[in-house]
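Visitor: Return a 3D structure for these sequence lines:
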Amino acid sequence: MSAGLERPQVVAHVQQPLSYTPFDCKWVPRSARLLCLGSAPRGTGVIQVYELRGARVELLREIEKAKPIKCGTFGATSLQQRYLATGDFGGNLNIWNLEAPEIPVYSVKGHKEIINSIDGVGGLGIGEGAPELVTGSRDGTVKVWDLRQKDMPVANMEPVQGESKRDCWTVAFGNAYNREERVVCAGYDNGDIKLFDLKTMSLRWETNIKNGVCSVEFDRKDVNMNKLVATSLEGKFHVFDMRTQHPTKGFASVSEKVQKSTIWQVRHLPQNRDVFMTSGGAGSLHLWKYEYPAQRLKKDSEGAEMGVAGSVSLLQNVTLSTQPISSLDWSPDKKGLCVCGAFDQTLRVLIVTKLNKV
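Guide: Sure thing, here's the model as predicted:
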């Protein structure tokens, strides 16, 4: 068999037309169910719950809310509850029991403007420490929420006095490998990437990738920081080796120019953190593999330790839509099962084959 036939294939298993604009999609943990979140034509919010049944999805429930819903996560909930946390266009952070979704179980006016991104940690058995949510908003702030403390964030990262307000497009938790350590990474419209250390409540590192940062994700949240991928408005992504921070040069990185259009999201395969998928503005998906260098560490001329970046190889790419694929989520339970939402108003369930051979 030729090497080409051994490559993973990305197969569109189900294509479900939608009557609204989808902004996010998520697998419900430990189930065959998936969610789609978005904005209805009349300006209200939509949460749809589907169940995968063979070669089709069945709509189980549609929930309408006052404001369009931009983002969601299950990351701060337990497997028993499986509560969904959402951020909406009104700056509201809500948590929903999908079995009784009429009234949120937790609600706070989190931001002055739209919540662009949300992430959770400490739930689902992933990551040590308290279950927390982080939200990033157009108002320029990044806030961390402990659900046991009503109404007030436990951390609020905002521009220092005199610094211009930047639109925060993406946030992600990482480094939650024990009860003390935890970081938040945030990406902004001007290309800034900032790493906040929640243990010391300080800015640990910052860099700029020159174009708006659309998505950031650690390869795993519950280990010592290992790798971080950041995608940009101009079709490029960067993989940072987060194991070693140089005093002046920061973290080593490798970048890859994929296409001319925006790379909207990056998602690591839960069962293999060195494999990740990026979704593009041209309706494309690219599947990547990170290869570590022979040595991840070297010393500069003054004896300071610095990281060594590896390389990335393209495993497969496919074009599924004429419009941007704006959201993407791997199933945490079934290896190779994936869901994505695109601005052609279609929800797609994908099967990625041969991942055991990667």
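
Visitor: any idea of the pLDDT on Q345?
Guide: Note on Q345: pLDDT of 97.

Visitor: how many neighbours does it have?
Guide: Q345 has 16 neighbouring residues, counting by other Cβ atoms under 10 Å. Where you see a C-beta, it was placed from the backbone N, CA and C, and this is true even at glycine.

Visitor: Could you do K236 as well?
Guide: Counted by other Cβ under 10 Å, the residues lying close to K236 total 17.

Visitor: how near is the nearest residue to it once chain neighbours are set aside to K289?
Guide: In space, and not counting its chain neighbours, K236 is closest to K257: 4.9 Å by Cβ to Cβ, 6 or more residues apart in numbering. For K257, the distance to K289 equals 17 Å [Cβ to Cβ, to the nearest Å].

Visitor: For the helix or strand encompassing S279, name the packing helices and strands.
Guide: S279 is part of strand 272-280 when elements are defined by DSSP states H and E. In terms of contacts (3 or more Cβ pairs under 8 Å, 6 or more residues apart in numbering; DSSP states H and E), strand 272-280 is packed against strand 227-232, strand 263-269, strand 284-291, strand 325-330.

Visitor: These into JSON lines, with extra columns for distance to D300, mean pLDDT and mean neighbour count?
Guide: JSON lines is the format used below for the helices and strands packed on strand 272-280 (distance: least, Cβ to Cβ, whole Å; pLDDT from 0 to 100; neighbours: other Cβ atoms under 10 Å):
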{"stretch": "strand 227-232", "distance to D300": "21", "mean pLDDT": "98", "mean neighbour count": "25"}
{"stretch": "strand 263-269", "distance to D300": "29", "mean pLDDT": "97", "mean neighbour count": "23"}
{"stretch": "strand 284-291", "distance to D300": "23", "mean pLDDT": "97", "mean neighbour count": "20"}
{"stretch": "strand 325-330", "distance to D300": "37", "mean pLDDT": "97", "mean neighbour count": "24"}
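
Visitor: Of all these, which one is nearest G140?
Guide: strand 227-232 (18.5 Å; Cβ to Cβ).

Visitor: Also compute the angle for the closest one relative to strand 263-269, please.
Guide: Angle, strand 227-232 to strand 263-269, by axes from the mean of the first three to the mean of the last three Cα atoms, to 10 degrees: 160 degrees.

Visitor: mind listing what strand 227-232 pairs with, with the direction of each?
Guide: strand 213-218 (antiparallel), strand 236-241 (antiparallel) (DSSP bridges).

Visitor: wait, isn't I209 in contact with Y188?
Guide: No. Using Cβ atoms under 8 Å, I209 and Y188 do not qualify as a contacting pair, with a distance of 10.2 Å.

Visitor: picking that back up, separation between the residue nearest to K236 and M277?
Guide: Separation of K257 from M277 (Cβ to Cβ): 17 Å.

Visitor: go on, M242?
Guide: M242 is 20 Å from M277, by Cβ to Cβ.

Visitor: same check, this time on F173
Guide: Taking Cβ to Cβ, one finds F173 at 19 Å from M277.

Visitor: again with F74
Guide: 19 Å.

Visitor: as a whole number, average confidence for the strand holding S279?
Guide: Rounded mean pLDDT across strand 272-280 is 96.

Visitor: can you check stretch 190-201 too?
Guide: Rounded mean pLDDT across stretch 190-201 is 97.

Visitor: List the buried residues of it.
Guide: For stretch 190-201, burial by neighbour count (16 or more other Cβ atoms under 10 Å) applies to 191-196, 198.

Visitor: and if you look at stretch 139-157?
Guide: 139-147, 153, 155, 157.

Visitor: Show me which of these is closest to W264.
Guide: Nearest to W264 among these, counting by Cβ to Cβ, is V142 at 19.7 Å.

Visitor: residues in contact with the residue nearest to that closest one when sequence neighbours are not counted?
Guide: Nearest non-adjacent residue to V142, counting by Cβ to Cβ, 6+ apart: M157, 4.2 Å away. M157 is in contact with 141-143, 184, 186, 194, 196, 203, counting by Cβ atoms under 8 Å, 6 or more residues apart in numbering.

Visitor: Widest-spaced pair of those?
Guide: K143 and L203 (15.2 Å).

Visitor: Pick out the residue nearest the middle of this structure.
Guide: Geometric centre of the chain, nearest residue: E217, 5.5 Å, by Cα atoms, centre = their mean.

Visitor: who's it bridged to?
Guide: Beta-bridge partners, per DSSP bridges, of E217: V229.

Visitor: where does it land on pLDDT?
Guide: According to the prediction, E217 has pLDDT 98.

Visitor: how much space is there between it and Q265?
Guide: Taken as Cβ to Cβ, the span from E217 to Q265 is 8 Å.
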